[in-house]
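# structure for this input, please:
(chains A and B)
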Amino acid sequence: DAGVIQSPRHEVTEMGQEVTLRCKPISGHNSLFWYRQTMMRGLELLIYFNNNVPIDDSGMPEDRFSAKMPNASFSTLKIQPSEPRDSAVYFCASSFSVRNEQFFGPGTRLTVL
Amino acid sequence: KNQVEQSPQSLIILEGKNCTLQCNYTVSPFSNLRWYKQDTGRGPVSLTIMTFSENTKSNGRYTATLDADTKQSSLHITASQLSDSASYICVVMAGGTSYGKLTFGQGTILTVHP
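This next block holds a predicted model:
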């Protein structure tokens, strides 16, 4: 298996634009997690899904952020409109279940100008 | 408030030496504690997951300990190598009605010099 796949790896956009980050989890994994990492705040869990259903989205900063998982092999994290303070590295991770080891993707480095 | 505190914030050691990183937490109820290694520019990689009943768990040169009574964990690295230079993150998962909720430490940045 290729591991967790994220795209794009880098994204530079202007304030106010819509940004969509994509994630393909490891095949067979039932749980998917979206994280954000910054120097100031460290690693933060934004939302996680179990069997394609959002379980806990309490980490989503505000209504500008939304996440979907239409099927077991694909998830998106959307920011609309984007702001400079959204600049961070966004990681997607997957696991067999919530309690199991999580495997992280390479991350998407987002820069909002 | 659930918190995870790691110490030291950063550490520099010479290749071949041992070191110990600390993690104290206040998360309750407790489900499990995880240590991750994150190389610069890459995603975190899981080193160990420890539940309430586990006191020690090893993964090669990495040994994690857990004292659920004092809510403390440590990660011991033996015979350090240059490739151990990374950020080490302690994460605690809550149990009970908050099952699955993760609280992250800020990480310890380890630098191993030749």
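# test my guess that B:Thr40 contacts B:Ser83.
No: with contact defined as Cβ atoms under 8 Å, B:Thr40 does not reach B:Ser83; the gap is 11.8 Å. Glycine gets a C-beta too; all of them are placed from N, C-alpha and C.
# which one is the residue in chain B that chain A sits nearest to nearest to, not counting chain neighbours?
At 3.1 Å from chain A, B:Gly43 is the closest residue in chain B, using Cβ to the nearest Cβ. Nearest residue to B:Gly43, sequence neighbours excluded (Cβ to Cβ, 6 or more residues apart in numbering or on different chains): A:Phe104, at 3.1 Å.
# separation between that neighbour and A:Leu113?
Taking Cβ to Cβ, to the nearest Å as the measure, A:Phe104 falls 27 Å from A:Leu113.
# so these two - more neighbours on which side?
Neighbour count, other Cβ atoms under 10 Å in any protein chain shown: between A:Phe104 and A:Leu113, A:Phe104 has more, with 22 against 10.
# check what pLDDT the residue of chain B most remote from its centre gets.
No residue in chain B sits farther from the centre than B:Thr97, which is 24.3 Å out by Cα atoms, centre = their mean. On the pLDDT scale, B:Thr97 is placed at 80.
# Three-state assignment for it, please.
At B:Thr97, secondary structure determined by DSSP: H, G, I helix; E, B strand; the rest coil is helix.
# what's near enough to touch B:Trp35?
For B:Trp35, the contacting residues are B:23, B:46-48, B:62, B:64, B:73, B:75, B:88-91, by Cβ atoms under 8 Å, 6 or more residues apart in numbering or on different chains.
# so it sits in a strand?
Yes: counting by three-state DSSP, B:Trp35 is found in a strand.
# dig out what it forms beta bridges with.
For B:Trp35, the beta-bridge partners under DSSP bridges are B:Thr48, B:Cys90.
# now it: how far from B:Met50?
For B:Trp35 relative to B:Met50 (Cβ to Cβ), the value is 8 Å.
# overlap in contacts of the two?
B:64, B:73.
# what's the first helix or strand after the lowest-mean-pLDDT helix or strand in chain B?
Least confident element among the helices and strands of chain B, by mean pLDDT, DSSP states H and E: strand B:102-104 (a mean of 90). Remark: after strand B:102-104, the chain's next helix or strand is strand B:108-113, criterion DSSP states H and E.
# in that following strand, what counts as buried?
Residues of strand B:108-113 classed as buried: B:108-110, B:112 (neighbour count, 16 or more other Cβ atoms under 10 Å in any protein chain shown).
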